[in-house]
Structures are given as C-alpha cells and as structure tokens.
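**Q** Show me how the following folds:
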Amino acid sequence: MAVMIKYIGSKRALLAHILAAIGAAAPAGATVLDLFSGTARVGHALKRAGFRVLANDHNAYAHVLATCYVQADAERWAETARRCLADLARLPPRAGWFTATYSEESRYFHPANGARIEAIREGIARLCTEPELEAVLLTALMEAADRVDSTAGLQMAYMKRWAPRALNPLELRLPALLPRPAAGACAASCNEAEVAAARATCELAYLDPPYNQHSYLGNYHVWETLVRWDRPEVYGIARKRTDVRARRSAFNGKRSIGPALARTIVALRCPVIVLSFNDEGHLSRDAVLDILGPRRHLRVLEIPYGRYVGARIGIHNLKGEKVGTVGRLTNTEYLFVASDVPLALPEGAVAA
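**A** Numbers count the residues shown, from 1 in each chain. Okay, here's the model as predicted:
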C-alpha cells in the first residue's frame, strides 16, 4: 500500500470495503470516476486493481496527487523521477518566504527542514518539466514534508513544542507509481464536482464528498501553497491563505450540501454510483437515500470507523495547546450503492 500524506478524509481503513463494493458493481477493466479524489488513495487502489480511473478534485494539491498516483505511469516516469529526486535532494537549503511563513511565523516545519523544502520546491520550478513528472516530484516533496511536520494531522494549528519527527532530516522518496492498466490510460482533472460529473463518461462513479463544515483547503492550506508556489497573502496564527475564506465548497454548508449533491448526482451519466458518507455529516442517512432515490436499486453498507488521528490526540487551540478531548472516537461510515439494475453486493449490504 502506498504511504500517503496524513489526511482527515483518508479511506485507508475502508479501502477493502470500497474495492469490494466497486468490484461487485462494475465489470473488470471498467472506467471508474473518482469524483472527490483527495489524496488519490482510492484512485490509486482502483488503478492497481485494473480499472481505468478518472480522478477529479478542485484543490490544486489534490490534483497533483491524482496526477502522480492515477495519471502518471511507472514505466514512463519512475526512473526519470528517481534521477530528478536524487539531484533535488543535493540542493543546499534556501530560506525565503516559505521558511519565514511556515517555520518562523508559524511552526509547521523546523527551520532546517523549511529551508530544504523551499530549496527543493524552487528546484522543481526551475526544471519546467512535463506536468506528470512535475506532479511526481511535487508529491514526493509533499510526502517528505508531511513526514517531518509538527502538527496533529491538520494544518489548522501546529504543536507548541516541536514534534519529535519534526527534528528528523527531510528525505525525498519516489512515490509508489503504478503501471498503466490494460484497460487504458487513466487521467486526473481539476474541476468542481458538478462540472466533472457532467463531462465524465464512465461505468461507475465513486463519490466521497466533504460531509461537514471542515474545508479541505483550510485543513491543508500549506500543501496548496507548496503546489501553487504563489506566495499568497496569509492571515492568523495558522498563516492560512486568504483565499480559504473565499473558495468555499457548497459541500461544506448545511443548507447547500443537499442541493449540491443532488445536482452532481443528476449530472452523472453512469449506471452505478457508490457514495461514501459519514454519520457526522450534514446529511442524514435518510436524506442521502432520498437524493439517490431516482436510482431504482439502493443498498447500504454500514461500517464502524475510527475517527482521524487528531481526534484521538485531542482538541488543540491555535497555539498547539491541548484544550479538550473529543466526545467519541468511532463513527459509522456509510457506503451507498445506487444502480439502474440489481447488483450482487458484498456481505453486510442491506436494501434501503
């Protein structure tokens, strides 16, 4: 399994359930749309399983991850990327805007690592290379930075004292690229969900939308800046990009998530939809079923699921100080399968 960045929406522990549901609902080698790709963990697993994957996410850092793990093929890029990473790893540290913002004004990375991250990112920019190779190199840098960060898993805050891993030296590693599946070339796009849904031609769509008020852009703003490399105006102790305030997803709002999901479902032109949702979400189980209702055959799989690592660590303020504990450590993850025809689904799925 590929080692990817820490992520509140990661489906690492649910991959087996997701792959079983998709495998039961789509023929071998089918084209599968991963509409909210995030870290691309699901898309990567689907590509490994032989599906032709179309991955989409509206955040730039997620698009880079999907371009690396879904679109880029190992036989094309692995050796070239390995040589580039070796050259980048030899660059001397360079402390500039990024180091000042995220290692001095805030404490996401130790200054020694901040200066190395900055030097490597500048080196990638100077290469002016093909988008797929650039995505592989940027993914390697994001993952290297993630291994030495000083957070509880989110970039809403950082630790008051350096986390032990933050004192380790930054180490670039080649991401776990996969060969092109026999089903054909995979692709990554960077669009809003409704736009990507309307454009995609696929046999099955997998949806894992944001389900509550927490913005992925706000939670992972440092990765967005590292990828865009745009020196944005920042604010607050967390040094967030100011566009976090403006680039709000309809899926993060209590009133807007239902209509947004309904529009996206209508836009999809495929016989099967597999939707991940959570019992902490803005929509209830029944509300999701109502949105999926026009599909004649509905099944639901309910899976107990441990909450993200930050919940287990506790509640911290913007200075990284622990100020409370979380009420519960387990959620229920729902896998809704909506299809135009009856399907044989994995054990545990019940008719809705």
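
**Q** Might one say that residue 264 is in contact with residue 191?
**A** No: contact criterion Cβ atoms under 8 Å: residue 264 and residue 191 do not qualify, at 11.4 Å. Using the backbone N, CA and C atoms, a C-beta is placed for each residue, glycine as well.

**Q** what about those two, which has more around it?
**A** residue 264 (26 against 16; other Cβ atoms under 10 Å).

**Q** which parts of the strand or helix carrying that one are buried?
**A** Assigned by DSSP states H and E, residue 264 belongs to helix 257-267. Residues 257-258, 260-261, 264-265, 267 are the ones in helix 257-267 that count as buried (16 or more other Cβ atoms under 10 Å).

**Q** Take the residues you listed and write them to CSV, including distance to residue 64.
**A** Shown next, in CSV, are the buried residues of helix 257-267 (distance: Cβ to Cβ, whole Å):
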residue, distance to residue 64
257, 26
258, 30
260, 24
261, 26
264, 23
265, 27
267, 25
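
**Q** Pick the one among those residues closest to residue 292.
**A** residue 265 (6.7 Å; Cβ to Cβ).

**Q** count of neighbours near the nearest residue to that closest one once chain neighbours are set aside?
**A** Spatial nearest neighbour of residue 265, chain neighbours left out: residue 291 (6.0 Å); criterion: Cβ to Cβ, 6 or more residues apart in numbering. Residue 291 has 22 neighbours, counted by other Cβ under 10 Å.

**Q** what's the spacing between residue 291 and residue 269?
**A** Distance of residue 291 to residue 269, given as Cβ to Cβ, to the nearest Å: 17 Å.

**Q** same thing with residue 132?
**A** 27 Å.

**Q** more crowded one of those two?
**A** The neighbour comparison of residue 132 against residue 269 (other Cβ under 10 Å) goes to residue 132, with 19 against 12.

**Q** which residues sit in contact with the more buried one?
**A** 67-68, 71-72, 76-77 (Cβ atoms under 8 Å, 6 or more residues apart in numbering).

**Q** at 6 Å instead, please
**A** Contacts for residue 132 (Cβ atoms under 6 Å, 6 or more residues apart in numbering) come out as residue 72.

**Q** Check what pLDDT it gets.
**A** pLDDT, residue 132: 98.

**Q** how near is residue 298 to residue 163?
**A** To residue 163, residue 298 is 44 Å away according to Cβ to Cβ.

**Q** I meant residue 102, not that one.
**A** 14 Å.

**Q** ok, those two, which is more surrounded?
**A** Using other Cβ under 10 Å, the more surrounded residue of residue 102 and residue 163 is residue 102, with 27 against 17.

**Q** How many neighbouring residues does the residue lying closest to that one once chain neighbours are set aside have?
**A** Nearest-residue entry for residue 102: residue 108, 4.5 Å, with adjacent residues in sequence omitted and distances by Cβ to Cβ, 6+ apart. For residue 108, the neighbour count with other Cβ under 10 Å is 24.

**Q** same thing with residue 195?
**A** Neighbourhood size, residue 195 [other Cβ under 10 Å]: 14.

**Q** go on, residue 204?
**A** Residue 204, neighbours per other Cβ under 10 Å, totals 24.

**Q** circling back: could you check the angle the helix or strand that the residue nearest to residue 265 is a member of makes with helix 257-267?
**A** If you go by DSSP H and E, residue 291 is part of helix 285-292. Interaxial angle of helix 285-292 relative to helix 257-267 (axes from the mean of the first three to the mean of the last three Cα atoms, to 10 degrees): 30 degrees.

**Q** roughly how far is helix 285-292 from the heart of the chain?
**A** Put simply, helix 285-292 sits 24 Å off its chain's centre (Cα atoms, centre = their mean, to the nearest Å).

**Q** Can you list the strands that the helix or strand just after that helix pairs with?
**A** For helix 285-292, the succeeding helix or strand toward the C-terminus, using DSSP H and E, is strand 297-306. When pairing is defined by DSSP bridges, strand 297-306 lines up against strand 330-339 (antiparallel), strand 350-351 (antiparallel).

**Q** Many thanks, I have nothing further to ask.
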